[in-house]
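Student: quick one: sequence plus predicted model below, questions after.
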Amino acid sequence: MRGAPTIILCHGYESSRSELLTLVSALQDHQYNVFVFDFAAHGANPGMTTFGYKEAEEVRAAIDTLAARTDVDATSFGLWGYNLGAYAAVREAETDKRVRALVLDSVYDEPQQMVKVEVGNTGLGSFPFMMRSAQLSFEWLNYQYKQDPPLSKRLAALKGVPKLFIEANDEPELAELTRDLFVKAPEPREQAIIQHGNFVALADNDKRAYEDRVVTYFLMHLPATRGPVR
C-alpha cells in the first residue's frame with residue numbers, strides 16, 4: 001500500500017503555523033498527512049520575506065523531505081496557500097509533477113504586486129514616492145529574480161491539475177489579482193468567492209465553512225485513501 005497523500009499548508013504574510021491548527025485537524029480527520037511550517041521571516045524564523053520567490057524554494061525543500069519518508073505517497077501532494085503562500089505554491093507546482101491539487105487563496109501574479117498591496121495597507125499608498133521607493137527597494141533586494149516570469153506565463157504547465165481559486169470581497173485588490181489568474185488558468189479550475197479574507201482572522205462559523213470547502217475540494221480531487229499499487 002502507498003502511504004496517504006500529504007497536504008502542505010503554505011500560510012501567508014504576517015501569519016504563523018500555530019494559527020492554522022483547526023485547518024490541520026480538519027484535514028487530518030480525513031486521513032491526510034498534513035505538514036505546516038514557518039517560512040523564513042515568519043514565526044520565530046529569521047530572515048526577510050521575498051513575497052514568494054525564496055518561499056517557493058522552501059516549499060520544494062519541504063516536498064523533497066517528505067517524499068523521502070516511507071509513510072507518505074511520494075508522488076501525491078496537495079498545496080493550500082494564502083497570499084505569498086499561494087504564490088509560492090503555484091510557482092512550485094508549475095515545475096513539480098508531484099503536486100496534484102491546489103487551493104489558492106488570494107494569490108497574485110508577481111511578488112511586486114504584494115509589495116504594492118502591503119504599502120497600501122499601511123496607508124502610504126496615496127504617496128507615489130513611498131510606493132515607488134518600496135518597489136525599487138524590493139527589486140534591488142531581489143535582483144537575482146529579475147528575469148523570473150510572472151506565474152501567468154507558465155500556467156499552462158498546470159493543465160490537468162485541479163485548482164481552486166478563492167477570492168475575498170473585503171480584500172478587493174488581491175481578489176482582482178486572483179480573479180485574473182483564475183481566468184488565465186487552464187482546466188480544471190474552480191472559483192470561490194467569500195465575504196471575508198485571511199483565514200486565521202475569520203469568525204468561528206466562517207472558519208468552519210472555509211475548512212469544509214477546502215477539505216471537500218481535496219477529498220474530491222486528491223483522495224485520501226488509495227488501493228494497492230499494481
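Tutor: Nice, I can see it. Numbers count the residues shown, from 1 in each chain.

Student: tell me which residues of the helix ranked longest in the chain come out buried.
Tutor: Ranked by residue count under DSSP state H, the longest helix found in the chain is helix 204-221. If you call a residue buried by 16 or more other C-beta atoms under 10 Å, then helix 204-221 has these buried ones: 207, 210-211, 214-215, 217-218, 221. Heads up, the C-betas are built off the backbone N, CA and C, glycines and all.

Student: elements contacting it?
Tutor: helix 21-28, strand 72-82, strand 99-105, strand 189-194 (3 or more C-beta pairs under 8 Å, 6 or more residues apart in numbering; DSSP states H and E).

Student: elements contacting the third one?
Tutor: Applying 3+ C-beta pairs under 8 Å, 6+ apart, we find strand 99-105 packed against strand 72-82, helix 84-93, strand 163-168, helix 172-184, helix 204-221.

Student: direction included, what does that strand pair up with?
Tutor: In the sheet, strand 99-105 lines up against strand 72-82 (parallel), strand 163-168 (parallel) (DSSP bridges).

Student: contacts for that strand?
Tutor: 5, 12, 63, 76-83, 86, 89-90, 92-93, 158, 161-166, 168, 178, 181, 197, 199, 214, 217-218, 221-222 (C-beta atoms under 8 Å, 6 or more residues apart in numbering).

Student: after it, next one along is what?
Tutor: Once strand 99-105 ends, the next helix or strand along the chain (criterion: DSSP states H and E) is helix 111-121.

Student: tell me the angle that next one makes with helix 172-184.
Tutor: 160 degrees (axes from the mean of the first three to the mean of the last three C-alpha atoms, to 10 degrees).

Student: what sits up against the helix or strand bottoming out on mean pLDDT in the chain?
Tutor: With mean pLDDT, DSSP states H and E as the measure, the helix or strand of the chain carrying the lowest mean pLDDT is helix 128-141 (a mean of 79). Identification of contacts with helix 128-141 by C-beta under 8 Å, 6+ apart yields 48, 50-51, 111-112, 115-116, 119-120, 124-125, 146.

Student: re the thing from before, most tightly surrounded among the helices and strands packed on helix 204-221?
Tutor: Highest mean neighbour count of the helices and strands packed on helix 204-221: strand 99-105, a mean of 25 (counted as mean count of other C-beta atoms under 10 Å).

Student: relative orientation of that one and strand 189-194 in degrees?
Tutor: Angle of strand 99-105 versus strand 189-194, following the same axes, to 10 degrees, is 30 degrees.

Student: quick one: strand 99-105 to chain centroid distance?
Tutor: Using C-alpha atoms, centre = their mean, to the nearest Å, the mean C-alpha position of strand 99-105 is found 7 Å from that of the whole chain.

Student: model confidence over it, on average?
Tutor: Across strand 99-105, the average pLDDT comes to 98.
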